[in-house]
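Q: following is a predicted model, sequence given first.
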Amino acid sequence: MVSERGMVPVMRPQAARAWMLTEALALGLASMVHAGRIVPGYAHGHARIAEAVIATVLVLATVETWLRPEDARRAAIFGQGFALLGTLVGLGTIVAGIGPRTVPDVVYHALLLSLLVTGLTSAVRCRQV
């Protein structure tokens, strides 16, 4: 949303919440895949734990937007920044041959990176309501 002056976009806490919960859901589903619960053959313990931790941080950042709506921008930046950093580490493990190197994992990381960069960019560029 653009402010009345038309110059600086305004961040609404509900938009940040929806975005972060979507990211958390994507990470939660990936964690369940790596736990072997959704798609057999893709279990990977370390990836499962990392994705669950990142999803939890995003959920906690979302909760922070409810508890302190005036700090929604800061919570969105922190939560998505943490998630982006963790996802880049995961991508690094794929490149290094440590993490799972399947086509679905690479595609998932590329899509997740675009989702996180878009959300983080939006939070950084916007001013607080």
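A: Arrived safely.
Q: skipping adjacent residues, who's closest to Asp105 in space?
A: Spatial nearest neighbour of Asp105, excluding adjacent residues (Cβ to Cβ, 6 or more residues apart in numbering): Ile94 at 6.3 Å. Glycine gets a C-beta too; all of them are placed from N, C-alpha and C.
Q: can you pull the pLDDT of the one you found?
A: The score at Ile94 is 89. That number is its pLDDT.
Q: show me what the strand or helix carrying it is packed against.
A: Taking DSSP states H and E as the criterion, the element that holds Ile94 is helix 72-96. If you count contacts as 3 or more Cβ pairs under 8 Å, 6 or more residues apart in numbering; DSSP states H and E, helix 72-96 packs onto strand 10-11, helix 13-34, helix 45-67, helix 103-125, strand 127-128.
Q: tell me the buried residues in stretch 77-87?
A: Across stretch 77-87, burial judged by 16 or more other Cβ atoms under 10 Å covers 77-84, 86-87.
Q: now distance to Ala52 too, for these, in a markdown table please.
A: Putting those into a markdown table (distance: Cβ to Cβ, whole Å) gives the following:
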| residue | distance to Ala52 |
| --- | --- |
| Ile77 | 22 |
| Phe78 | 18 |
| Gly79 | 15 |
| Gln80 | 17 |
| Gly81 | 18 |
| Phe82 | 13 |
| Ala83 | 12 |
| Leu84 | 17 |
| Gly86 | 11 |
| Thr87 | 13 |
